[in-house]
Every structure is written in structure tokens, then in C-alpha cells.
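> Dropping a prediction and its sequence here:
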Amino acid sequence: MMNLSSLYPQIEAALCSCDVTAKLVAAEAIHAAWQGGQLQRLDAPLSRLPVAGHPPRPELVHATKVPRRRPGSPLGQPAMLHAIAHIEFNAVNLALDAAWRFRDMPDAYVGDWLRIAAEEARHFRLLQQRLQQLGYNYGDFPAHNGLWDICHHTDHDVLVRMALVPRVLEARGLDASPELKRKLANIGDHDSVAILDIILQDEIGHVQVGNHWFHWLCRERQLDPVATFSDLLAKHDLTAHRGSYNLDARRCAGFTEAELLWLQQAKPEQPSSQR
């Protein structure tokens, strides 16, 4: 008989690890073990995590303190790639936390978020390798912790997490992708554009997972999805609008036509937080 291990302590160890490589390896190993039926959901302590494990560098500063550089400037290209890599590193933590925290969700939900954690780890590696090709490393530029902050603020309710992380913060990544690729293509960095193409396809799937579970939870709680989403944006001082929408990508990610119509009609405001 197979000797099954407990899932939650392994996720927690990966989530709290401050070693980048160890976190990535653990995220991929946990997903593989879950797929192989080697892990079970035994009772384990659950606590709030004010901060997930992260390395000493990059220096974390307020979002307004992160220098803005043009892609064509000497540091603009690596700084842009570093910012995206930092998003992907944080996304590993968010996916692990989603699988670890919400213990009442079905096994399919756990499997979705463990897969996403492994895919985010792959994205980070691709960007890290590209940075190294350019002579830089993860940690060489300052970054902000806004993505984990919203994770911390949504740790009380899986419905709120699904509404605000994949459907707002991750979906903004879908919207931003065409412009980021255009900027990199304009400076001849087609290798980085190819990496962003890989990331975009996976991220569509990640937002789709968020949409699936958000709508599943709304049905379970007999809530209207559009009204609930609107109320949560207002309550948490967020806006769904940030520049133009990548409507094709959002449709592929499971946004309904009613949701897309609401998004386009929503008053455009500057968000207080950003992915």
C-alpha cells in the first residue's frame, strides 16, 4: 500500500521558504506528488501569514517608489523583465496559499491551484534565465509587495480571493500583455516576447480557474456574480478598469459577455493597488 504524506505541511513549508530555488522546486514537486496520488488532505494547523517567504533581495518598497524606466533606456529592458519576474514569484506564493488556506474547497480546486503554482514557477525560471542572459539577476532592482498585500487582505474568504486576485490582478496581466510585447518588440527583444507569449497562454488558464471557482461559489451561496463582483471591488477600494481590455483573452479566460459589458461601462478610475 502506498504511504501517503500530508499535503498541508508541505505547502506551508514551500510557502514560507525564503530560498527562491527551493520554493520553485517544492511547488513543482508538490504538484507532481498530488497528481500521483501521493498526498492527502490531513488536518493541519492554519494561520494567517502577514508575509510569505521571500529572499533578502529584491528590496521591497512602496509601489510609488519603484523607478519607472523606458524600455529603450539602458536599464529599461531588464527592469521591465525583473518586474514581471517579481510578479511571477509572488504568483507562486499566491497559488500555494490558495491551495493551503481554503480547506473546505473540493479536491479539484486544490489541484487547480497546485498546477498554477507549478506553472508560475516555470514562468519565473524563464524570466530569470532571460535576465541572466542580459547580465542581471532577480533581486537587482527594487520591487513592491502589492500582490501579496491583496492576498493577505483576502485570506478570510475564498470567494473574495477568487474575485479579487485572478479576476482583477491576474486579469490585468492579460490586458497589459499586448503593450508589453509591443514595447519589447520595438527594441528587438524577440526572445522576451516569446516568453511573454508562453506566459499569456498559461495566464489565460489561471484567470479561467479563478472565474470557474468564483462562479461556482456564487452558485453555492446563491449570489449574483456581477453584483457581487461590483460590491467587492468597492469594498476593497479596487477598480476593474486599468487601460484597455484584452477582450479576446478575457473571453478565453471565461469572462461572460455580461461581465465584459459591465467592465466596459464601469467608470475608469486609477486603482489603489496593482499587480
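It's in. Residues are numbered from 1 along each chain as shown.

> Disregarding residues adjacent in the polypeptide, which is nearest to residue 125?
Closest residue to residue 125 apart from its sequence neighbours, by CB to CB, 6 or more residues apart in numbering: residue 24 at 6.6 Å. Any C-beta I mention is one placed from the backbone N, CA and C, and that applies to glycine too.

> My guess is that neighbour contacts residue 92. True?
Yes - contact criterion CB atoms under 8 Å: residue 24 and residue 92 qualify, at 6.9 Å.

> Between those two, which contacts overlap?
121, 124 (CB atoms under 8 Å, 6 or more residues apart in numbering).

> Comparing the two, which shows the higher neighbour count?
Just comparing residue 24 and residue 92: by other CB atoms under 10 Å the higher neighbour count belongs to residue 92, 27 against 22.

> ok, the more buried one to residue 37 distance?
Residue 92 sits 23 Å away from residue 37, going by CB to CB, to the nearest Å.

> Name all residues that make contact with residue 179.
Neighbour list for residue 179: residue 243 [criterion: CB under 8 Å, 6+ apart].

> begin at 5 from here
Fine by me, first position is 5 from now on; the one you just mentioned is residue 183.

> Tell me which helix or strand it sits in.
Taking DSSP states H and E as the criterion, residue 183 maps to helix 175-190.

> go on, residue 30?
Using DSSP H and E, residue 30 maps to helix 24-39.

> just the CA coordinates of that helix, formatted as PDB?
C-alpha atoms of helix 24-39 as PDB (Å, rounded to 0.1, in the frame of the first residue of the first chain):
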ATOM      1  CA  VAL A  24      13.900  31.100  -4.400                       C
ATOM      2  CA  THR A  25      15.200  27.900  -5.900                       C
ATOM      3  CA  ALA A  26      13.800  25.700  -3.000                       C
ATOM      4  CA  LYS A  27      10.400  27.400  -3.300                       C
ATOM      5  CA  LEU A  28      10.200  26.700  -7.100                       C
ATOM      6  CA  VAL A  29      11.400  23.100  -6.700                       C
ATOM      7  CA  ALA A  30       8.900  22.500  -3.900                       C
ATOM      8  CA  ALA A  31       6.000  24.000  -5.800                       C
ATOM      9  CA  GLU A  32       6.600  21.700  -8.800                       C
ATOM     10  CA  ALA A  33       7.300  18.600  -6.500                       C
ATOM     11  CA  ILE A  34       4.000  19.100  -4.600                       C
ATOM     12  CA  HIS A  35       2.000  19.400  -7.800                       C
ATOM     13  CA  ALA A  36       3.600  16.200  -9.100                       C
ATOM     14  CA  ALA A  37       3.000  14.300  -5.900                       C
ATOM     15  CA  TRP A  38      -0.600  15.500  -5.800                       C
ATOM     16  CA  GLN A  39      -1.100  14.300  -9.400                       C
END
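
> This structure: helices as residue ranges?
Listed in chain order, the helices of the chain (DSSP state H) span 11-20, 24-39, 80-105, 111-137, 150-157, 162-168, 175-190, 194-225, 229-239, 251-256, 261-269.

> Which other helices and strands does the fourth one contact?
Judged by 3 or more CB pairs under 8 Å, 6 or more residues apart in numbering; DSSP states H and E, the packing partners of helix 111-137 are helix 24-39, helix 80-105, helix 194-225.
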